[in-house]
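Colleague: just the structure for this:
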Amino acid sequence: MSHPEEAVRVPLLVMRGITKRFPGVLANDSVDFDVLPGEIHTLFGENGAGKSTLMRVLYGLYAPDAGEIRFAGRTLHAITPAIAIQNGIGMIHQHFMLVPTLTVAENVALGRPSSRGPLTDLDRVSHRIDDLSDAYGLRVEPRAYVWQLSVGERQRVEIIKALYRQVRLLVLDEPTAVLTPQEVTDLFGVLNRMVQDGLSLVFISHKVNEVLELSDRITVLRRGRNVATVSRAEADADKLATMMVGHRVTAVEVPLDRHPGEVRLEVDHLHVAGDRGGEAVRGLSLQVRANEIVGVAGVSGNGQRELADAIAGLRKPSSGTVRVGGTATTGAQPAAVRSAGLAYVPEERMRDAVIADFSVAENLILVDSSGRAFARWGFLRGRDIRRHCAELIKEFDVKTPNLDIPAGHLSGGNIQKLIMARELSGSPKVLLVAQPTRGIDVSASAYIHERLIRQRDSGTAVLLISEDLEELMSISDRILVIYDGVIVNEVDPRTATREEIGLMMAGGSVSRPSVATVG
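Modeller: Just a heads-up that it's a prediction; the model follows:
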(Lines give C-alpha, C1' and ligand atoms only; values in the text may rest on other atoms or scores of the structure.)
Protein backbone atom coordinates (compact mmCIF):
# COMPACT_ATOMS: atom_id res chain seq x y z
CA MET A 1 0.00 0.00 0.00
CA SER A 2 1.28 3.47 -0.89
CA HIS A 3 2.00 5.97 1.85
CA PRO A 4 -0.18 9.15 1.76
CA GLU A 5 2.82 11.34 1.04
CA GLU A 6 3.78 9.15 -1.95
CA ALA A 7 0.48 9.90 -3.68
CA VAL A 8 1.35 13.59 -4.03
CA ARG A 9 4.99 13.21 -5.01
CA VAL A 10 5.63 15.00 -8.29
CA PRO A 11 7.99 13.13 -10.64
CA LEU A 12 11.38 14.70 -11.23
CA LEU A 13 11.48 13.15 -14.72
CA VAL A 14 8.56 12.42 -17.02
CA MET A 15 9.05 10.84 -20.46
CA ARG A 16 5.85 10.35 -22.44
CA GLY A 17 5.35 8.59 -25.76
CA ILE A 18 9.06 8.42 -26.60
CA THR A 19 9.56 6.94 -30.05
CA LYS A 20 12.93 6.45 -31.71
CA ARG A 21 13.51 4.82 -35.07
CA PHE A 22 16.69 3.67 -36.77
CA PRO A 23 16.86 2.22 -40.30
CA GLY A 24 14.90 -1.02 -40.09
CA VAL A 25 14.54 -0.84 -36.29
CA LEU A 26 11.89 0.67 -34.01
CA ALA A 27 14.04 1.01 -30.89
CA ASN A 28 11.51 2.81 -28.68
CA ASP A 29 7.80 2.50 -29.40
CA SER A 30 5.78 5.14 -27.50
CA VAL A 31 7.59 4.47 -24.23
CA ASP A 32 6.37 6.10 -20.99
CA PHE A 33 8.81 6.38 -18.09
CA ASP A 34 9.08 8.57 -14.99
CA VAL A 35 11.32 8.91 -11.95
CA LEU A 36 10.33 10.32 -8.57
CA PRO A 37 12.60 12.44 -6.35
CA GLY A 38 14.69 10.24 -4.08
CA GLU A 39 13.84 7.07 -6.02
CA ILE A 40 15.81 4.26 -7.59
CA HIS A 41 13.90 3.30 -10.72
CA THR A 42 15.35 0.34 -12.63
CA LEU A 43 15.16 -0.22 -16.37
CA PHE A 44 15.20 -3.97 -16.94
CA GLY A 45 15.21 -5.83 -20.24
CA GLU A 46 17.16 -7.74 -22.84
CA ASN A 47 19.97 -6.14 -24.81
CA GLY A 48 18.22 -4.52 -27.75
CA ALA A 49 15.03 -3.92 -25.75
CA GLY A 50 15.54 -0.14 -25.96
CA LYS A 51 16.84 0.69 -22.47
CA SER A 52 20.04 2.43 -23.56
CA THR A 53 18.28 4.13 -26.45
CA LEU A 54 15.67 5.59 -24.10
CA MET A 55 18.36 6.94 -21.78
CA ARG A 56 20.39 8.30 -24.69
CA VAL A 57 17.30 10.22 -25.78
CA LEU A 58 17.09 11.64 -22.26
CA TYR A 59 20.79 12.57 -22.29
CA GLY A 60 20.57 14.23 -25.70
CA LEU A 61 22.63 11.75 -27.68
CA TYR A 62 19.60 10.85 -29.80
CA ALA A 63 16.74 13.11 -30.88
CA PRO A 64 13.35 11.43 -30.38
CA ASP A 65 11.05 11.03 -33.38
CA ALA A 66 8.08 11.62 -31.10
CA GLY A 67 7.31 12.21 -27.45
CA GLU A 68 7.86 14.71 -24.64
CA ILE A 69 10.42 15.03 -21.85
CA ARG A 70 9.82 17.05 -18.70
CA PHE A 71 12.47 17.48 -16.03
CA ALA A 72 11.96 19.35 -12.76
CA GLY A 73 8.67 20.75 -14.07
CA ARG A 74 10.14 22.12 -17.32
CA THR A 75 9.71 20.74 -20.82
CA LEU A 76 13.10 20.13 -22.41
CA HIS A 77 13.44 20.76 -26.14
CA ALA A 78 16.30 19.84 -28.48
CA ILE A 79 18.31 18.25 -25.67
CA THR A 80 22.06 17.96 -26.03
CA PRO A 81 24.46 16.39 -23.51
CA ALA A 82 25.50 19.90 -22.46
CA ILE A 83 21.86 20.84 -21.79
CA ALA A 84 21.30 17.59 -19.90
CA ILE A 85 24.34 18.25 -17.70
CA GLN A 86 23.25 21.86 -17.10
CA ASN A 87 19.90 20.56 -15.88
CA GLY A 88 21.54 18.07 -13.52
CA ILE A 89 21.17 14.89 -15.58
CA GLY A 90 24.16 12.55 -15.63
CA MET A 91 24.69 9.28 -17.44
CA ILE A 92 27.34 6.60 -17.06
CA HIS A 93 27.42 4.80 -20.39
CA GLN A 94 28.10 1.13 -20.98
CA HIS A 95 30.83 2.14 -23.44
CA PHE A 96 32.71 4.86 -21.63
CA MET A 97 32.86 8.48 -22.78
CA LEU A 98 36.45 9.21 -21.71
CA VAL A 99 39.47 10.63 -23.54
CA PRO A 100 42.18 7.94 -23.29
CA THR A 101 45.13 10.33 -23.70
CA LEU A 102 44.06 12.56 -20.78
CA THR A 103 44.48 11.91 -17.07
CA VAL A 104 41.63 11.05 -14.72
CA ALA A 105 41.62 14.60 -13.34
CA GLU A 106 41.65 16.11 -16.84
CA ASN A 107 38.69 13.93 -17.88
CA VAL A 108 36.72 14.94 -14.79
CA ALA A 109 37.49 18.63 -15.34
CA LEU A 110 36.78 18.50 -19.08
CA GLY A 111 33.99 20.91 -20.02
CA ARG A 112 33.81 22.43 -16.54
CA PRO A 113 34.86 26.03 -15.77
CA SER A 114 38.06 26.40 -13.78
CA SER A 115 37.87 28.02 -10.36
CA ARG A 116 40.95 30.05 -11.44
CA GLY A 117 39.50 31.52 -14.60
CA PRO A 118 41.91 31.04 -17.52
CA LEU A 119 44.27 28.97 -15.38
CA THR A 120 43.78 25.29 -14.70
CA ASP A 121 42.85 24.04 -11.24
CA LEU A 122 43.68 20.36 -11.63
CA ASP A 123 45.13 20.22 -8.12
CA ARG A 124 41.73 21.17 -6.68
CA VAL A 125 40.00 18.75 -9.03
CA SER A 126 42.36 16.00 -7.88
CA HIS A 127 41.61 16.74 -4.22
CA ARG A 128 37.88 16.55 -4.94
CA ILE A 129 38.37 13.25 -6.79
CA ASP A 130 40.21 11.89 -3.75
CA ASP A 131 37.31 12.99 -1.53
CA LEU A 132 34.75 11.31 -3.78
CA SER A 133 36.91 8.20 -4.05
CA ASP A 134 37.09 7.92 -0.28
CA ALA A 135 33.38 8.61 0.17
CA TYR A 136 32.18 6.04 -2.36
CA GLY A 137 34.91 3.41 -2.19
CA LEU A 138 35.76 3.85 -5.89
CA ARG A 139 39.51 4.28 -5.71
CA VAL A 140 41.25 5.83 -8.72
CA GLU A 141 44.51 7.74 -9.16
CA PRO A 142 43.76 11.31 -10.40
CA ARG A 143 47.11 11.60 -12.21
CA ALA A 144 46.84 8.27 -14.09
CA TYR A 145 46.12 8.35 -17.81
CA VAL A 146 42.82 6.76 -18.80
CA TRP A 147 44.50 4.52 -21.38
CA GLN A 148 46.44 2.93 -18.55
CA LEU A 149 43.30 1.99 -16.60
CA SER A 150 41.44 -1.30 -16.56
CA VAL A 151 37.80 -1.45 -17.63
CA GLY A 152 36.65 -1.36 -14.02
CA GLU A 153 38.78 1.63 -13.18
CA ARG A 154 37.43 3.54 -16.18
CA GLN A 155 33.91 2.86 -14.98
CA ARG A 156 34.83 4.31 -11.59
CA VAL A 157 36.11 7.46 -13.33
CA GLU A 158 32.72 7.83 -15.05
CA ILE A 159 30.90 7.51 -11.73
CA ILE A 160 33.18 10.08 -10.08
CA LYS A 161 32.82 12.43 -13.07
CA ALA A 162 29.03 12.40 -12.68
CA LEU A 163 29.19 12.91 -8.91
CA TYR A 164 31.68 15.76 -9.39
CA ARG A 165 29.06 17.57 -11.51
CA GLN A 166 26.48 17.35 -8.70
CA VAL A 167 23.81 15.64 -10.76
CA ARG A 168 20.17 15.50 -9.63
CA LEU A 169 19.36 12.44 -11.75
CA LEU A 170 22.02 9.84 -12.44
CA VAL A 171 21.67 6.97 -14.91
CA LEU A 172 23.91 4.03 -13.98
CA ASP A 173 24.51 1.26 -16.52
CA GLU A 174 25.84 -1.92 -14.84
CA PRO A 175 27.76 -0.08 -12.09
CA THR A 176 28.48 -3.21 -10.02
CA ALA A 177 30.10 -5.31 -12.75
CA VAL A 178 33.62 -4.83 -11.38
CA LEU A 179 32.98 -5.00 -7.63
CA THR A 180 33.36 -7.73 -5.04
CA PRO A 181 30.25 -8.74 -3.05
CA GLN A 182 31.42 -6.60 -0.15
CA GLU A 183 31.95 -3.61 -2.42
CA VAL A 184 28.52 -4.10 -3.99
CA THR A 185 26.99 -4.03 -0.52
CA ASP A 186 28.92 -0.84 0.31
CA LEU A 187 27.92 0.79 -2.99
CA PHE A 188 24.26 -0.04 -2.48
CA GLY A 189 24.46 1.55 0.96
CA VAL A 190 25.93 4.71 -0.61
CA LEU A 191 23.25 4.79 -3.35
CA ASN A 192 20.50 4.41 -0.77
CA ARG A 193 21.94 7.31 1.26
CA MET A 194 22.12 9.40 -1.92
CA VAL A 195 18.45 8.87 -2.72
CA GLN A 196 17.52 9.60 0.90
CA ASP A 197 19.10 13.01 0.32
CA GLY A 198 16.91 13.54 -2.75
CA LEU A 199 19.07 12.31 -5.63
CA SER A 200 17.18 10.18 -8.15
CA LEU A 201 18.74 7.17 -9.88
CA VAL A 202 17.95 5.19 -12.99
CA PHE A 203 19.60 1.82 -12.51
CA ILE A 204 20.20 -0.46 -15.51
CA SER A 205 21.15 -4.03 -14.68
CA HIS A 206 20.66 -7.53 -16.01
CA LYS A 207 21.22 -9.08 -12.56
CA VAL A 208 17.82 -9.94 -11.14
CA ASN A 209 19.06 -10.20 -7.55
CA GLU A 210 20.56 -6.70 -7.70
CA VAL A 211 17.38 -5.28 -9.18
CA LEU A 212 15.24 -6.81 -6.45
CA GLU A 213 17.61 -5.64 -3.72
CA LEU A 214 18.07 -2.04 -4.81
CA SER A 215 15.03 -0.85 -6.74
CA ASP A 216 12.02 1.10 -5.58
CA ARG A 217 10.27 0.52 -8.91
CA ILE A 218 11.15 -1.58 -11.95
CA THR A 219 10.15 -0.90 -15.55
CA VAL A 220 10.53 -3.82 -17.94
CA LEU A 221 11.11 -3.11 -21.64
CA ARG A 222 10.76 -5.72 -24.37
CA ARG A 223 11.28 -5.03 -28.07
CA GLY A 224 11.09 -1.29 -27.51
CA ARG A 225 7.83 -1.28 -25.57
CA ASN A 226 6.81 -1.03 -21.94
CA VAL A 227 5.82 -4.43 -20.61
CA ALA A 228 5.07 -3.26 -17.08
CA THR A 229 6.17 -1.06 -14.20
CA VAL A 230 6.09 -2.82 -10.84
CA SER A 231 7.18 -2.01 -7.32
CA ARG A 232 9.88 -4.03 -5.63
CA ALA A 233 7.24 -5.67 -3.44
CA GLU A 234 5.31 -6.85 -6.51
CA ALA A 235 8.33 -8.43 -8.24
CA ASP A 236 10.26 -11.66 -7.93
CA ALA A 237 13.05 -13.24 -9.98
CA ASP A 238 10.86 -15.55 -12.07
CA LYS A 239 8.31 -12.82 -12.80
CA LEU A 240 10.95 -10.33 -13.95
CA ALA A 241 12.81 -12.82 -16.14
CA THR A 242 9.57 -13.98 -17.73
CA MET A 243 8.42 -10.42 -18.43
CA MET A 244 11.81 -9.58 -19.90
CA VAL A 245 12.01 -12.35 -22.51
CA GLY A 246 8.33 -13.27 -22.89
CA HIS A 247 8.78 -16.84 -21.66
CA ARG A 248 10.18 -18.70 -18.68
CA VAL A 249 14.00 -18.78 -18.49
CA THR A 250 15.51 -22.09 -17.43
CA ALA A 251 18.76 -21.91 -15.49
CA VAL A 252 21.76 -23.81 -16.80
CA GLU A 253 22.50 -26.88 -14.68
CA VAL A 254 26.06 -28.15 -14.41
CA PRO A 255 26.46 -31.91 -13.78
CA LEU A 256 28.36 -32.83 -10.64
CA ASP A 257 30.28 -35.80 -12.09
CA ARG A 258 33.13 -34.00 -13.83
CA HIS A 259 36.22 -35.77 -15.17
CA PRO A 260 38.90 -33.42 -16.54
CA GLY A 261 41.45 -34.83 -18.98
CA GLU A 262 44.98 -33.87 -20.00
CA VAL A 263 46.48 -30.43 -19.39
CA ARG A 264 45.70 -28.18 -22.37
CA LEU A 265 46.79 -24.78 -21.01
CA GLU A 266 49.80 -24.39 -18.75
CA VAL A 267 51.12 -21.10 -17.35
CA ASP A 268 54.27 -21.37 -15.26
CA HIS A 269 55.76 -18.57 -13.14
CA LEU A 270 54.59 -15.90 -15.55
CA HIS A 271 55.73 -12.30 -15.10
CA VAL A 272 54.08 -9.57 -17.19
CA ALA A 273 54.65 -5.82 -17.06
CA GLY A 274 51.68 -3.48 -16.75
CA ASP A 275 50.99 -0.31 -18.72
CA ARG A 276 51.85 1.88 -15.73
CA GLY A 277 55.25 0.34 -15.11
CA GLY A 278 56.01 -2.39 -12.63
CA GLU A 279 54.63 -5.90 -12.79
CA ALA A 280 50.93 -6.59 -13.27
CA VAL A 281 51.41 -10.39 -13.22
CA ARG A 282 53.96 -11.62 -10.68
CA GLY A 283 55.06 -15.25 -10.95
CA LEU A 284 51.58 -16.59 -11.71
CA SER A 285 51.05 -20.29 -12.41
CA LEU A 286 47.93 -22.21 -13.42
CA GLN A 287 46.77 -25.22 -15.38
CA VAL A 288 43.54 -25.90 -17.25
CA ARG A 289 42.65 -29.41 -18.38
CA ALA A 290 40.45 -30.72 -21.14
CA ASN A 291 36.79 -31.02 -20.11
CA GLU A 292 36.92 -28.37 -17.39
CA ILE A 293 36.06 -24.73 -16.86
CA VAL A 294 38.50 -22.94 -14.57
CA GLY A 295 37.25 -19.57 -13.36
CA VAL A 296 39.52 -16.68 -12.40
CA ALA A 297 37.92 -14.40 -9.80
CA GLY A 298 39.29 -11.00 -8.93
CA VAL A 299 38.55 -7.31 -8.66
CA SER A 300 39.31 -5.43 -11.88
CA GLY A 301 42.91 -4.22 -12.12
CA ASN A 302 44.62 -7.17 -10.43
CA GLY A 303 46.42 -8.46 -13.51
CA GLN A 304 43.56 -10.21 -15.34
CA ARG A 305 43.87 -8.19 -18.54
CA GLU A 306 47.66 -8.57 -18.68
CA LEU A 307 47.37 -12.31 -18.01
CA ALA A 308 44.86 -12.76 -20.84
CA ASP A 309 46.96 -10.64 -23.23
CA ALA A 310 50.09 -12.66 -22.45
CA ILE A 311 48.34 -16.00 -23.00
CA ALA A 312 46.82 -14.76 -26.29
CA GLY A 313 50.13 -13.40 -27.62
CA LEU A 314 49.08 -9.75 -27.41
CA ARG A 315 51.60 -8.86 -24.69
CA LYS A 316 55.10 -10.30 -24.28
CA PRO A 317 55.91 -11.70 -20.83
CA SER A 318 59.12 -10.64 -19.16
CA SER A 319 59.67 -14.22 -17.93
CA GLY A 320 57.86 -17.49 -17.39
CA THR A 321 56.26 -19.88 -19.87
CA VAL A 322 52.93 -20.47 -21.58
CA ARG A 323 51.97 -23.72 -23.30
CA VAL A 324 48.83 -24.23 -25.38
CA GLY A 325 47.90 -27.78 -26.32
CA GLY A 326 51.43 -28.93 -25.50
CA THR A 327 53.05 -26.28 -27.71
CA ALA A 328 55.28 -23.59 -26.20
CA THR A 329 53.70 -20.24 -27.12
CA THR A 330 55.51 -17.87 -24.76
CA GLY A 331 55.90 -14.51 -26.52
CA ALA A 332 54.56 -15.91 -29.81
CA GLN A 333 52.49 -13.81 -32.20
CA PRO A 334 48.68 -14.09 -31.87
CA ALA A 335 48.40 -16.03 -35.15
CA ALA A 336 50.86 -18.64 -33.87
CA VAL A 337 49.03 -18.94 -30.56
CA ARG A 338 45.78 -19.40 -32.46
CA SER A 339 47.39 -22.08 -34.63
CA ALA A 340 48.42 -23.91 -31.45
CA GLY A 341 44.73 -24.21 -30.57
CA LEU A 342 43.73 -21.11 -28.59
CA ALA A 343 40.48 -19.19 -29.15
CA TYR A 344 40.15 -15.84 -27.38
CA VAL A 345 37.08 -13.81 -26.46
CA PRO A 346 38.43 -10.53 -24.98
CA GLU A 347 36.68 -8.43 -22.35
CA GLU A 348 36.27 -5.33 -24.52
CA ARG A 349 34.31 -6.71 -27.44
CA MET A 350 33.87 -3.38 -29.26
CA ARG A 351 37.57 -2.44 -29.04
CA ASP A 352 39.36 -5.77 -29.36
CA ALA A 353 37.00 -8.36 -30.87
CA VAL A 354 34.94 -6.78 -33.67
CA ILE A 355 35.25 -3.97 -36.19
CA ALA A 356 32.00 -2.09 -35.79
CA ASP A 357 31.89 -0.76 -39.35
CA PHE A 358 32.57 -4.17 -40.91
CA SER A 359 29.61 -6.36 -41.78
CA VAL A 360 28.48 -9.34 -39.73
CA ALA A 361 29.95 -11.67 -42.37
CA GLU A 362 33.27 -9.83 -42.47
CA ASN A 363 33.59 -10.05 -38.70
CA LEU A 364 32.79 -13.76 -38.73
CA ILE A 365 35.76 -14.51 -41.01
CA LEU A 366 38.02 -11.79 -39.63
CA VAL A 367 40.74 -14.14 -38.39
CA ASP A 368 40.37 -16.78 -41.13
CA SER A 369 39.85 -14.69 -44.28
CA SER A 370 43.13 -15.82 -45.85
CA GLY A 371 42.51 -19.51 -45.21
CA ARG A 372 41.89 -21.97 -48.04
CA ALA A 373 38.23 -22.33 -47.07
CA PHE A 374 37.52 -18.66 -47.80
CA ALA A 375 40.14 -17.52 -50.31
CA ARG A 376 41.75 -18.83 -53.49
CA TRP A 377 44.55 -17.19 -55.48
CA GLY A 378 44.11 -14.01 -53.45
CA PHE A 379 40.36 -13.71 -54.05
CA LEU A 380 37.64 -14.24 -51.44
CA ARG A 381 35.18 -17.06 -52.12
CA GLY A 382 31.98 -15.11 -51.55
CA ARG A 383 29.50 -17.95 -51.88
CA ASP A 384 31.41 -20.21 -49.46
CA ILE A 385 31.84 -17.34 -47.00
CA ARG A 386 28.11 -16.52 -46.96
CA ARG A 387 27.16 -20.18 -46.56
CA HIS A 388 29.57 -20.57 -43.65
CA CYS A 389 28.40 -17.34 -41.99
CA ALA A 390 24.72 -18.22 -42.40
CA GLU A 391 25.34 -21.55 -40.66
CA LEU A 392 27.11 -19.84 -37.76
CA ILE A 393 24.35 -17.23 -37.40
CA LYS A 394 21.77 -20.01 -37.17
CA GLU A 395 23.81 -22.24 -34.85
CA PHE A 396 24.65 -19.46 -32.38
CA ASP A 397 21.25 -17.73 -32.59
CA VAL A 398 22.69 -14.35 -33.61
CA LYS A 399 19.73 -12.06 -34.26
CA THR A 400 20.61 -9.90 -37.27
CA PRO A 401 18.52 -8.65 -40.22
CA ASN A 402 21.15 -9.95 -42.66
CA LEU A 403 24.84 -10.74 -43.09
CA ASP A 404 25.65 -7.33 -44.56
CA ILE A 405 24.55 -5.09 -41.68
CA PRO A 406 27.47 -3.46 -39.79
CA ALA A 407 28.26 -5.44 -36.63
CA GLY A 408 28.08 -2.24 -34.57
CA HIS A 409 24.33 -2.10 -35.23
CA LEU A 410 23.72 -5.31 -33.29
CA SER A 411 22.89 -5.42 -29.59
CA GLY A 412 25.64 -6.25 -27.11
CA GLY A 413 24.32 -9.78 -26.60
CA ASN A 414 24.24 -10.51 -30.31
CA ILE A 415 27.74 -9.07 -30.82
CA GLN A 416 28.99 -11.42 -28.11
CA LYS A 417 27.25 -14.36 -29.78
CA LEU A 418 28.90 -13.36 -33.06
CA ILE A 419 32.33 -13.36 -31.40
CA MET A 420 31.66 -16.73 -29.77
CA ALA A 421 30.53 -18.15 -33.12
CA ARG A 422 33.74 -17.02 -34.83
CA GLU A 423 36.06 -18.23 -32.08
CA LEU A 424 34.41 -21.62 -31.55
CA SER A 425 34.03 -22.43 -35.24
CA GLY A 426 37.65 -23.61 -35.32
CA SER A 427 37.20 -26.34 -32.66
CA PRO A 428 39.84 -24.90 -30.30
CA LYS A 429 41.80 -26.93 -27.74
CA VAL A 430 41.72 -24.00 -25.31
CA LEU A 431 39.11 -21.26 -24.96
CA LEU A 432 40.16 -18.11 -23.12
CA VAL A 433 37.13 -15.93 -22.43
CA ALA A 434 37.04 -12.71 -20.40
CA GLN A 435 33.87 -11.10 -19.01
CA PRO A 436 31.64 -13.01 -21.48
CA THR A 437 28.33 -11.72 -20.13
CA ARG A 438 29.19 -8.19 -18.99
CA GLY A 439 26.31 -5.89 -19.95
CA ILE A 440 24.29 -8.76 -21.41
CA ASP A 441 20.74 -9.72 -20.44
CA VAL A 442 19.63 -12.88 -18.66
CA SER A 443 18.53 -14.72 -21.78
CA ALA A 444 21.75 -14.08 -23.74
CA SER A 445 23.84 -14.84 -20.63
CA ALA A 446 22.11 -18.19 -20.18
CA TYR A 447 22.78 -19.02 -23.82
CA ILE A 448 26.48 -18.12 -23.56
CA HIS A 449 26.83 -20.17 -20.35
CA GLU A 450 25.22 -23.11 -22.14
CA ARG A 451 27.70 -22.78 -25.03
CA LEU A 452 30.66 -22.66 -22.62
CA ILE A 453 29.46 -25.82 -20.91
CA ARG A 454 28.90 -27.57 -24.25
CA GLN A 455 32.40 -26.54 -25.31
CA ARG A 456 33.86 -27.93 -22.10
CA ASP A 457 31.94 -31.18 -22.53
CA SER A 458 33.31 -31.48 -26.08
CA GLY A 459 36.86 -31.61 -24.65
CA THR A 460 37.93 -27.96 -24.68
CA ALA A 461 39.86 -26.50 -21.75
CA VAL A 462 38.07 -23.26 -20.79
CA LEU A 463 39.70 -20.45 -18.79
CA LEU A 464 36.96 -18.05 -17.73
CA ILE A 465 38.06 -14.65 -16.39
CA SER A 466 35.14 -12.84 -14.78
CA GLU A 467 34.32 -10.34 -12.07
CA ASP A 468 30.79 -11.77 -11.78
CA LEU A 469 30.92 -14.21 -8.88
CA GLU A 470 27.49 -15.63 -9.63
CA GLU A 471 28.67 -16.51 -13.12
CA LEU A 472 31.88 -18.12 -11.87
CA MET A 473 30.15 -20.12 -9.17
CA SER A 474 27.41 -21.35 -11.48
CA ILE A 475 29.52 -22.86 -14.29
CA SER A 476 33.13 -23.27 -13.06
CA ASP A 477 34.64 -26.59 -12.03
CA ARG A 478 37.36 -24.77 -10.06
CA ILE A 479 37.85 -21.11 -9.15
CA LEU A 480 41.27 -19.46 -8.88
CA VAL A 481 41.33 -16.19 -6.96
CA ILE A 482 43.72 -13.54 -8.30
CA TYR A 483 44.98 -10.62 -6.22
CA ASP A 484 47.79 -8.21 -7.08
CA GLY A 485 48.91 -10.34 -10.03
CA VAL A 486 49.14 -13.62 -8.11
CA ILE A 487 46.82 -16.61 -7.69
CA VAL A 488 46.23 -16.52 -3.93
CA ASN A 489 43.85 -19.44 -3.57
CA GLU A 490 41.88 -22.15 -5.31
CA VAL A 491 38.37 -23.00 -4.18
CA ASP A 492 35.59 -25.41 -5.03
CA PRO A 493 32.50 -23.44 -6.13
CA ARG A 494 30.27 -26.18 -4.74
CA THR A 495 31.46 -25.61 -1.16
CA ALA A 496 32.84 -22.03 -1.00
CA THR A 497 30.63 -19.05 -0.21
CA ARG A 498 30.42 -15.76 -2.10
CA GLU A 499 31.60 -13.96 1.03
CA GLU A 500 34.70 -16.14 1.38
CA ILE A 501 35.69 -15.68 -2.25
CA GLY A 502 34.93 -11.95 -2.06
CA LEU A 503 37.23 -11.60 0.94
CA MET A 504 40.04 -13.33 -0.96
CA MET A 505 39.42 -11.06 -3.97
CA ALA A 506 39.91 -8.06 -1.69
CA GLY A 507 43.25 -9.41 -0.44
CA GLY A 508 41.97 -10.98 2.77
CA SER A 509 42.15 -14.59 3.84
CA VAL A 510 39.80 -17.13 5.35
CA SER A 511 40.51 -19.90 7.79
CA ARG A 512 39.03 -22.70 5.69
CA PRO A 513 41.56 -24.68 3.60
CA SER A 514 41.58 -24.45 -0.17
CA VAL A 515 40.85 -27.55 -2.26
CA ALA A 516 44.32 -27.61 -3.81
CA THR A 517 47.72 -26.00 -3.68
CA VAL A 518 48.22 -23.51 -6.50
CA GLY A 519 51.40 -22.26 -8.15
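Colleague: now Leu221: how far from Pro436?
Modeller: Going from Leu221 to Pro436 by Cβ to Cβ, to the nearest Å gives 23 Å. C-beta here means a position set from N, CA and C on the backbone, and glycine is covered the same way.
Colleague: and Leu480, by the same measure?
Modeller: 17 Å.
Colleague: just Gly67 next, same as before
Modeller: For Gly67, the distance to Pro436 equals 35 Å [Cβ to Cβ].
Colleague: let me see the ranges of the helices in the stretch 401-519 of the chain.
Modeller: Counting by DSSP state H, counting those that start in this stretch, the stretch 401-519 of the chain has helices at residues 412-424, 442-457, 469-475, 498-505.
Colleague: again with the stretch 151-300 of the chain
Modeller: Per DSSP H, counting those that start in this stretch, the stretch 151-300 of the chain carries helices over the ranges 151-164, 181-196, 208-214, 237-245.
Colleague: between those helices, which gets nearest to Arg116?
Modeller: helix 151-164 (16.6 Å; Cβ to Cβ).
Colleague: neighbour count for Leu480 and Pro436, which is higher?
Modeller: Applying other Cβ atoms under 10 Å to Leu480 and Pro436 shows that Leu480 carries more neighbours, namely 27 against 24.
Colleague: ok, the more buried one - contacts?
Modeller: Leu480 sits next to Leu286, Val294, Gly295, Val296, Ala297, Ile487, Asn489, Glu490, Val518 when contact means Cβ atoms under 8 Å, 6 or more residues apart in numbering.
Colleague: what is the nearest of those residues to Arg16?
Modeller: Nearest to Arg16 among the contacts of Leu480 is Ala297, at 43.9 Å by Cβ to Cβ.
Colleague: count of neighbours near the closest one?
Modeller: 30.
Colleague: how about it, what does it touch?
Modeller: By Cβ under 8 Å, 6+ apart, the contact list for Ala297 reads Ser466, Glu467, Leu469, Leu472, Ile479, Leu480, Val481, Ile482, Ile501, Met504, Met505.
Colleague: now the first one. Nearest residue, chain neighbours left out?
Modeller: Counting by Cβ to Cβ, 6 or more residues apart in numbering, Ser466 lies nearest to Leu472, which is 5.3 Å off, once chain neighbours are set aside.
Colleague: give the rounded mean pLDDT of stretch 475-494.
Modeller: Stretch 475-494 shows a mean pLDDT of 93.
Colleague: what do you get for stretch 154-168?
Modeller: Mean predicted confidence for stretch 154-168 is 86.
Colleague: how about stretch 217-232?
Modeller: 92.
Colleague: and if you look at stretch 282-302?
Modeller: 93.
Colleague: list the buried residues in it.
Modeller: For stretch 282-302, the neighbour count (16 or more other Cβ atoms under 10 Å) marks 284-302 as buried.
Colleague: quote the end-to-end distance of that stretch.
Modeller: End-to-end distance of stretch 282-302 (Cα to Cα, to the nearest Å): 10 Å.
Colleague: before we move on, what about stretch 454-474?
Modeller: Span of stretch 454-474 from end to end, Cα to Cα: 14 Å.
Colleague: buried residues in it, which are they?
Modeller: Across stretch 454-474, burial judged by 16+ other Cβ under 10 Å covers 455-456, 460-474.
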